[in-house]
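Asks: attaching a predicted model along with its sequence, questions to come.
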Amino acid sequence: MKSGFFLLCFQLSSFLSICFSQKSIEDSLLTALGNSNEDTGKISILLQLFENCDEKNMLKYSEEALRLSEKLYDKRGVASSLNNLGYVYANFGKMDEALEYYLKSMKIWEELDDKKGIATALNELGFIYDATGRRDKALESYEKSLTIRMKLGDKKDIGYSLNNIGVEYKIMGNLDKALVYFMQSLDAWESAKHIEGISTALNNIGFCYYIKNNLLDALQYYHKGLELQKEIRNMFGVGNSLNNIGAVYHKLGDEKKAIEYSEEALKIAQENNYPEFIARAAKLLADIYSLKAQKAFGQDVGSWKKAYEYHKFYSEMKDTLLNQESSKQITEMQTKYETEKKEQQIALLNKDKELQDAQMNRQKIIIWSVAAGLLVALILSVFIFRERRKSEKLLLNILPAETARELKQHGKATAKHYENVTVMFTDFKNFTDISEKLSAEELVSELDFLFKKFDEVISKYPIEKIKTIGDAYMCVGGLPTANTTNAMDVVKAAMEIQNWMKGQSNKWSLRIGIHTGSVTAGVVGDKKFAYDIWGDTVNTASRMESSGKAGKINISGTTQELIKNKFSCQFRGKIPAKNKGEIEMYFVEQNSI
């Protein structure tokens, strides 16, 4: 009996590995069905056909098996057929109908006191509850199924139930409980020597450790899964494991190994023509090279180029997937139209007026069908257009509009010198101590919340965000469009950010440093998508931040000269700054003049 869990958790690799044998099995069963003279034998064959056919025939075989079972009052056949129909409708996304079939199936299994059938139906009900967001009901069904299966002792089925419960806890974010169940499912499947199940458990365990940031443990289980997939020559599973390992090395900061495993995953995906998998691997490689380039502060031109190329490849693959679907539908509609048109022309040669009228009506139906089909194609085109707009929006989130236009038009962006800009750096006090007390998810969530507010504030002024580096935030006023108000704009934004921070959690306190001077700005290399600035002004602004105090805005004497008519500033004296000597520094008072 096909398990609903297969849809939720089981790797696609298992499905791919049996697809090639299904056709020959289906042909043999169809031959047996044609030779069978007894309805009882036909029911058994139809149930086997369901297990070995493609999705388009599942409904047909299930309904025929149900009809014959009801005719013969074969309750087991009825229950099995109802369960299969539940699976079919779940695949169609019709969860209400699927739930109804599963409940009917379980009722019959209970009447028959068939424990295995009851456990299977409970498992399928758990899948439906999960798919409709009813986690408590899903857990309840999976646990009842597990209780029965533990008594029956079938290790393979026990593994399914344990793994299903683990998946629910994983979705709910309780990774510790999820790990307990995944480990138990691994033991059960190893006892049953169920290779596909073992690989599923290994992957799930690796995923939990990855999310918990236990990266070495994640690597251990992902590598075990990789060896297993190589052993059974499941190339989809091999590629998936390679990509997972690449993601772990990326998180560990081992760029060389991250690139090695991710590129091998991409190669396998391309060789085996897995479009969605290709896109996933390309996206990971873009992220790896982008981080590598950022660590080099814009000096690693080769990594920027690789990051751009992989990100472009990733975007193209997304467009290709959408275009393939659109082209497929259009081709099918055109073929149908041409065939129908030829049939119509032949029929029109017949002088029978009644037949001609009927064919004319048929033509109208064809025209309307084609029109409807073209409308679908148009909708798909609009969807593709929207996806491309999203890519453009992403580009504008990374680059100033002027630079983005230049890059798209000419394939490169010219670096520019700005004589008068104001650079702001922010940094959180005691960030390391705070980060050690938070989980990875909590830390990223809080930084995301804070930095989004900073983005919101600077967007009110002609200020360009440059980047974030860990807990540091960097922005600049006065470019890409030069102006004379940049010092005032940046100080106003800094005051608004500090005032907002004082109303937030006491654990976060912010240092802000500001300096005004000249910089060079641009995108390094021929093909880049990261905008950055360079020059002594950037270094001095950074020193202003590190020499400041939490809750204060520390500015240089140069910046103070530009804002002193509008803001009160407290002179701090000449303060030593690393590699800069002594610099005049001021604290900006919160009240303007």
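Replies: Looks like it came in fine. Bear in mind the structure is a predicted one, so any value in this text is a computation, not a measurement.

Asks: which secondary structure elements does the helix or strand harbouring Ala247 contact?
Replies: Ala247 belongs to helix 235-252 when assigned by DSSP states H and E. Helix 235-252 is packed against helix 12-35, helix 195-211, helix 215-231, helix 255-271, helix 275-295, with contacts defined by 3 or more Cβ pairs under 8 Å, 6 or more residues apart in numbering; DSSP states H and E. For every residue, glycine as well, the C-beta is placed using N, CA and C.

Asks: now the second one - C-alpha only, PDB.
Replies: So the one you mean is helix 195-211. Listed in PDB are the C-alpha atoms of helix 195-211, where the atom choice follows Å, rounded to 0.1, in the frame of the first residue of the first chain:
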ATOM      1  CA  ILE A 195      18.100   1.100   2.300                       C
ATOM      2  CA  GLU A 196      15.700   3.900   1.200                       C
ATOM      3  CA  GLY A 197      14.500   4.300   4.700                       C
ATOM      4  CA  ILE A 198      18.000   4.400   6.100                       C
ATOM      5  CA  SER A 199      19.000   7.100   3.700                       C
ATOM      6  CA  THR A 200      15.900   9.100   4.600                       C
ATOM      7  CA  ALA A 201      16.700   8.900   8.300                       C
ATOM      8  CA  LEU A 202      20.300   9.800   7.800                       C
ATOM      9  CA  ASN A 203      19.300  12.900   5.800                       C
ATOM     10  CA  ASN A 204      16.800  14.000   8.400                       C
ATOM     11  CA  ILE A 205      19.300  13.600  11.200                       C
ATOM     12  CA  GLY A 206      21.800  15.500   9.300                       C
ATOM     13  CA  PHE A 207      19.300  18.300   8.700                       C
ATOM     14  CA  CYS A 208      18.500  18.600  12.400                       C
ATOM     15  CA  TYR A 209      22.100  18.900  13.300                       C
ATOM     16  CA  TYR A 210      22.600  21.400  10.600                       C
ATOM     17  CA  ILE A 211      19.800  23.600  11.900                       C
END
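
Asks: which strands or helices does that helix pack on?
Replies: Going by 3+ Cβ pairs under 8 Å, 6+ apart, helix 195-211 lies up against helix 12-35, helix 155-171, helix 175-192, helix 215-231, helix 235-252.

Asks: how far off centre is that helix?
Replies: 18 Å (Cα atoms, centre = their mean, to the nearest Å).

Asks: any weak-confidence spans in the stretch 251-400 of the chain?
Replies: The stretch 251-400 of the chain contains residues with pLDDT under 70 at 297-299, 318-360, 369-374, 376-378, 380-400.

Asks: buried residues in the helix holding Ala247, which are they?
Replies: By neighbour count on 16 or more other Cβ atoms under 10 Å, the buried set for helix 235-252 is 235-250.

Asks: same check on stretch 255-264?
Replies: For stretch 255-264, by 16+ other Cβ under 10 Å, it's 255, 258-259, 261-264.

Asks: go on, stretch 559-572?
Replies: Buried, per 16+ other Cβ under 10 Å, within stretch 559-572: 559-560, 562-563, 567, 569, 572.

Asks: quick check: the gap between Leu82 and Lys115.
Replies: Between Leu82 and Lys115 the distance is 17 Å, computed by Cβ to Cβ, to the nearest Å.

Asks: higher neighbour count, these two?
Replies: Comparing Leu82 with Lys115 by other Cβ atoms under 10 Å, the one with more neighbours is Leu82, at 25 against 14.

Asks: from Thr120, how far off is that one?
Replies: Per Cβ to Cβ, Leu82 is found 11 Å from Thr120.

Asks: the chain: strands as residue ranges?
Replies: For the chain, applying DSSP state E gives strands covering 416-428, 463-469, 472-477, 510-522, 532-534, 553-556, 567-577, 581-592.

Asks: in TSV, list those strands along with distance to Lys137 and mean pLDDT.
Replies: Shown next, in TSV, are those (distance: least, Cβ to Cβ, whole Å; pLDDT from 0 to 100):
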stretch	distance to Lys137	mean pLDDT
strand 416-428	43	92
strand 463-469	42	88
strand 472-477	44	93
strand 510-522	46	92
strand 532-534	52	86
strand 553-556	54	95
strand 567-577	60	89
strand 581-592	54	84
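
Asks: of those, which stretch is the most buried?
Replies: Highest mean neighbour count among the strands of the chain (mean count of other Cβ atoms under 10 Å): strand 553-556, with a mean of 28.

Asks: and that one, what does it pack against?
Replies: So strand 553-556, by 3+ Cβ pairs under 8 Å, 6+ apart, packs with helix 486-501, strand 510-522, helix 536-546, strand 581-592.

Asks: how about 6 Å then?
Replies: Counting contacts by 3 or more Cβ pairs under 6 Å, 6 or more residues apart in numbering; DSSP states H and E, strand 553-556 packs against strand 510-522, strand 581-592.

Asks: now distance to Thr132 too, for the helices and strands packed on helix 235-252, in CSV please.
Replies: Converted to CSV, these look like this (distance: least, Cβ to Cβ, whole Å):
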stretch, distance to Thr132
helix 12-35, 23
helix 195-211, 22
helix 215-231, 30
helix 255-271, 32
helix 275-295, 25
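
Asks: out of those helices, flag the one nearest Ile379.
Replies: Among the helices and strands packed on helix 235-252, the nearest to Ile379 by Cβ to Cβ is helix 275-295 (21.2 Å).

Asks: need the residues that contact that closest one.
Replies: When contacts are defined by Cβ atoms under 6 Å, 6 or more residues apart in numbering, helix 275-295 is touched by residues 243, 246-247, 250, 255, 258-259, 262, 265-266, 269-270, 300, 303-304, 306-307, 310-311, 313-314, 317-318, 321.

Asks: please apply the same query to stretch 543-552.
Replies: Contacts of stretch 543-552 with the rest of the structure, by Cβ under 6 Å, 6+ apart, involve 425, 427, 429, 509, 511, 513-515, 554, 556, 575, 577, 580, 587.

Asks: sorry, back to before: so which of the helices and strands packed on helix 235-252 is the most packed in?
Replies: helix 195-211 (a mean of 23).

Asks: next one: Met95 from Leu291, what distance?
Replies: For Met95 relative to Leu291 (Cβ to Cβ), the value is 40 Å.

Asks: got it, and Gly133?
Replies: 35 Å.

Asks: show me the contacts for Asn203.
Replies: Gly225.
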